[in-house]
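**Student:** sequence and predicted model, in that order:
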Amino acid sequence: MDTTISPEAPRARAYFERLSTVSFVEAHSLKKKYGGPLLVLSRSRVRESYRSLTRALPNVRIFYAIKSNPHPDILKTLKEEGASFEVASYGELKQIMQFGVPARDILNTQPFLSEYDFTQCYKAGQRWFVFDNADQLNRLTRGTNDIDLLLRLSFPNRNCQVDLSYKFGATIKEANALIKEAVATGARVHGVSFHVGSQSYTTKNYLKALVAVRRLFDQLQHEGILLDTVDIGGGFPVPYTRPLPSIEHFSLPIRRKIYELFPGMNICAEPGRFICGLAQTLITSVNGKNIRRGVPWYYLDDGVYNSFSGKVYDHCVYSILTERTGVYTKSVLAGPTCDSFDIVSEDIMLPRLEIGDILLVPAMGAYSNVSSTTYNGFSQAKIITID
């Protein structure tokens, strides 16, 4: 399966052009001023996404997953909006604390936090941590019980881009004993967390997980253990290649189930992609062209070692826009490095392009620049904040 599309139909093209943070006219102007490639960041898009999610899930505390994009302008904007933050390392904790966010208000969701990272995070004032096994619990509580804990649960999901339960999470069958063991340490055990998978296209797994968690809470309550917190993770989708329902529509079944099963409890979420995904657009240019075995090849100034790294690490599908019109032909888009692995798309439908042409790639805000490299001496795309 290919990892890019080029919208041909006028309605589809217009839709994805609206998703872009810049028009082609603006892109040409920015390229002339700054060179390329460029990632154009819109702070207003960050605000818009954050606010729409808080409206869709009222009374749910939003912890932005900074791993998706830790650009300072995004972090500052979300701090201004009153967001909380989710981290997975001491390095990420330092990134967000420099903006005046107190460590006690930051959630660390790494179930296998190293001894060093835990010690440094704890010294910095962080108290909220996650575990999914007895060894990690022992590490976290070995020297203190002044700690707030959530048990990470596993709910595998095939209807998502990345199944995060493949790597982390205790099963529901394991959860009862692990919660009891955590309570016995004297630590403050608040509840559970889960993540149904990145870019989840259905709410079914959220609902299934919530029902399972309610049963677990009831079992523990019967045994005298009262829990008060559920972290529903992230996974809220963005429209990479096709229109999606609004976040209000998508979240409604989740919202109703939360009200039904967990009235008055503390509910958290850890969105990353949904908040930053639509906030950046890539401006990339055609640096070279060739006909190889009868197929047009176009060589870009950005590739899978750079902003298109999400193609590899995030299994991401992108829409690529061109100003050109005409007959669409199956083509290849290649990155700038000498590695033959550096192929952005092997069978994208494109009109004939020329050297110097600009392509726009909307929805490049999540898991793109954060995993970009300078392999082969090619610079990372410069990030330009426009509002």
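**Tutor:** Yep, that arrived. Here the structure is a predicted model, which means the values were calculated and not measured. Numbering: from 1, shown residues only.
**Student:** just so I have it, where are all the helices in the stretch 151-300 of the chain?
**Tutor:** Here the stretch 151-300 of the chain has its helices, by DSSP state H, counting those that start in this stretch, at 172-184, 204-222, 247-261, 273-276.
**Student:** looking at the ones you listed, which is nearest to Leu151?
**Tutor:** Ranking the helices of the stretch 151-300 of the chain by their distance to Leu151 (criterion: CB to CB) puts helix 172-184 first, at 5.7 Å. Where you see a C-beta, it was placed from the backbone N, CA and C, and this is true even at glycine.
**Student:** where does this structure dip in pLDDT?
**Tutor:** Filtered on pLDDT under 70, the chain yields the residue ranges 1-11, 156-167.
**Student:** show me it divided up by domain.
**Tutor:** As given by automatic domain parsing, the domain ranges for the chain are 4-41+278-385, 44-276.
**Student:** ends of the last one, what's the gap?
**Tutor:** End-to-end distance of domain 44-276 (CA to CA, to the nearest Å): 11 Å.
**Student:** how deep is Leu226 tucked in, by neighbour count?
**Tutor:** 10 (other CB atoms under 10 Å).
**Student:** ok, it - contacts?
**Tutor:** Leu220 (CB atoms under 8 Å, 6 or more residues apart in numbering).
**Student:** one more: Thr171?
**Tutor:** 153-154.
**Student:** quick one: it and Leu178, what's the gap?
**Tutor:** 10 Å (CB to CB, to the nearest Å).
**Student:** I'd like the helices of the stretch 151-300 of the chain laid out as TSV, including mean neighbour count.
**Tutor:** What follows is the helices of the stretch 151-300 of the chain, written out as TSV (neighbours: other CB atoms under 10 Å):
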stretch	mean neighbour count
helix 172-184	17
helix 204-222	17
helix 247-261	16
helix 273-276	30
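**Student:** for Asp301, find the nearest of those.
**Tutor:** Asp301 lies closest to helix 273-276 among the helices of the stretch 151-300 of the chain, at 22.9 Å (CB to CB).
**Student:** which outside residues touch that closest one?
**Tutor:** 46, 49-50, 53, 64, 68-69, 74, 78, 198-199, 234, 236-238, 247, 365-367.
**Student:** again, but for stretch 209-216
**Tutor:** Taking CB under 8 Å, 6+ apart as the rule, stretch 209-216 contacts 153, 155, 172, 175-176, 179, 192, 194, 196, 230, 232, 254, 257-258, 261-262.
**Student:** closest to Leu137 among the residues you listed?
**Tutor:** Ile179 (10.0 Å).
**Student:** so that closest one sits right up against Leu150, yeah?
**Tutor:** No. With contact defined as CB atoms under 8 Å, Ile179 does not count as touching Leu150 (10.1 Å).
**Student:** and Tyr259, how far from Leu210?
**Tutor:** Applying CB to CB, the value for Tyr259 to Leu210 is 11 Å.
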